[in-house]
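Undergrad: Kindly generate the corresponding structure for this input.
(one chain, ligands or ions: 2)
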Amino acid sequence: MVVLPVPAEVSVILLDVEGTTTPIAFVKDILFPYIKENVKEYLQTHWEEEECQQDVSLLRKQAEEDSHLDGAVPIPASSGSGEDDPQRTIQAVVDNVCWQMALDRKTTALKQLQGHMWRAAFAAGRVKAEFFEDVVPAVRKWREAGMKVYIYSSGSVEAQKLLFGHSTEGDILELVDGHFDTKIGHKVESESYRRIASSIGCSTNNILFLTDVTLEASAAEEADVHVAVVVRPGNAGLTDDEKTYYSLITSFSELYLPSSA
Ligand SMILES: CSCCC(=O)C(=O)COP(=O)(O)O
Ligand SMILES: [Mg+2]
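TA: Numbering: from 1, shown residues only. Ligands and ions are numbered 1, 2, ... in the order given. You can find the predicted model right below:
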């Protein structure tokens, strides 16, 4: 078996979700279709609620920022007179969400709405999150060895908690010391990793980040974070250069903690 020693200075393991702890297929074939199939009905049912209106405001702000992009879908501003036709705005929000999802955008606005929509599905037991079988045993072992374990995903913190709280392995939220999402910054920007270290109260070189996306690994590395690229069934392929450059693991069990020997 391949073994990747964890540097002695590492005390925090930071985990990506999609493609790292959880199959991409679960996100693409179960979570995302749920949004596309239910977004219109969800907006119609919850339109008058404060949370839904906040989600729409954030999406509208994002749509304004995106207006220069090819194919961008605008969301009309509310006149504030209460005479707007909600069905027209709802359809614009639906079209905007579908456009963003077709591009797999990771905007905070999209991720916030998705998290709120998944809440009902997880709570009703209609969806259970899948984790690769090596994830839970490895995380338990790391924690026993004194490591802290944090999550950093483009999925909102609320969505992350739904996944870890309602998994096929049961409620595994207690295995996580904390969560970060795009509110701390985007995963392809090095500054996000500096902010995460500062929020945890450690140095960036105390962190080992596991992800399937080399652009994220590169940004983390630029901030002096240790990285390993996770190769899982269904993940995007890596170039030969990437395979040579990065430390690769196919299972969390391949990480070797000298302190736990
Ligand atoms: C954790 S919520 C569902 C996944 C999701 O919406 C997403 O964008 C996953 O991105 P990641 O950064 O975990 O690869
Ligand atoms: Mg990922």
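
Undergrad: Residue 170: how many residues sit nearby?
TA: Residue 170 has 10 neighbours, counted by other Cβ atoms under 10 Å. Where C-beta positions appear, they are placed from N, C-alpha and C, glycine not excepted.

Undergrad: and if you look at residue 206?
TA: Residue 206 has 18 neighbouring residues, counting by other Cβ under 10 Å.

Undergrad: what sits against it?
TA: If you count contacts by Cβ atoms under 8 Å, 6 or more residues apart in numbering, residue 206 has them with 9-12, 197.

Undergrad: Neighbour-wise, give me the winner out of these.
TA: That'd be residue 12 among the contacts of residue 206, by other Cβ under 10 Å, with 24 neighbours.

Undergrad: before we move on, the earlier item: from the contacts of residue 206, which land in strands?
TA: residue 12 (DSSP state E).

Undergrad: now the contacts of residue 206 as TSV including pLDDT and distance to ligand 2?
TA: Converted to TSV, those look like this (pLDDT from 0 to 100; distance: Cβ to the ion, whole Å):
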residue	pLDDT	distance to ligand 2
9	97	25
10	98	20
11	98	23
12	98	18
197	98	20
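
Undergrad: I'd like the contacts of residue 206 as CSV, with distance to residue 250 appended.
TA: CSV is the format used below for these (distance: Cβ to Cβ, whole Å):
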residue, distance to residue 250
9, 25
10, 20
11, 24
12, 22
197, 27
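
Undergrad: and which of the contacts of residue 206 is nearest residue 66?
TA: Closest approach between these and residue 66, by Cβ to Cβ: residue 197, at 30.5 Å.

Undergrad: Secondary structure of residue 209: a helix, I assume?
TA: No - with DSSP: H, G, I helix; E, B strand; the rest coil as the criterion, residue 209 is strand rather than part of a helix.

Undergrad: Now find how far off-centre stretch 98-106 is within its chain.
TA: Using Cα atoms, centre = their mean, to the nearest Å, the mean C-alpha position of stretch 98-106 is found 14 Å from that of the whole chain.

Undergrad: same deal with stretch 215-227?
TA: Remark: stretch 215-227 is offset 17 Å from the chain centroid, using Cα atoms, centre = their mean.

Undergrad: Who are the contact partners of the residue positioned nearest the centre of the chain?
TA: Nearest residue to the geometric centre of the chain (Cα atoms, centre = their mean): residue 153, 2.6 Å. The neighbourhood of residue 153, defined by Cβ under 8 Å, 6+ apart, consists of 16-18, 159-160, 179-181.

Undergrad: In strands, which of the residues you listed fall?
TA: Reading strands off the contacts of residue 153 with DSSP E, I get 179-180.

Undergrad: okay if I get the contacts of residue 153 as TSV plus distance to residue 238 and pLDDT?
TA: Putting the contacts of residue 153 into TSV (distance: Cβ to Cβ, whole Å; pLDDT from 0 to 100) gives the following:
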residue	distance to residue 238	pLDDT
16	15	98
17	19	98
18	16	98
159	27	97
160	25	98
179	27	98
180	25	98
181	25	98
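
Undergrad: same for ligand 2: which of the contacts of residue 153 are within range?
TA: When contact is defined as Cβ under 5 Å from the ion, the contacts of residue 153 meet ligand 2 at 16, 18.
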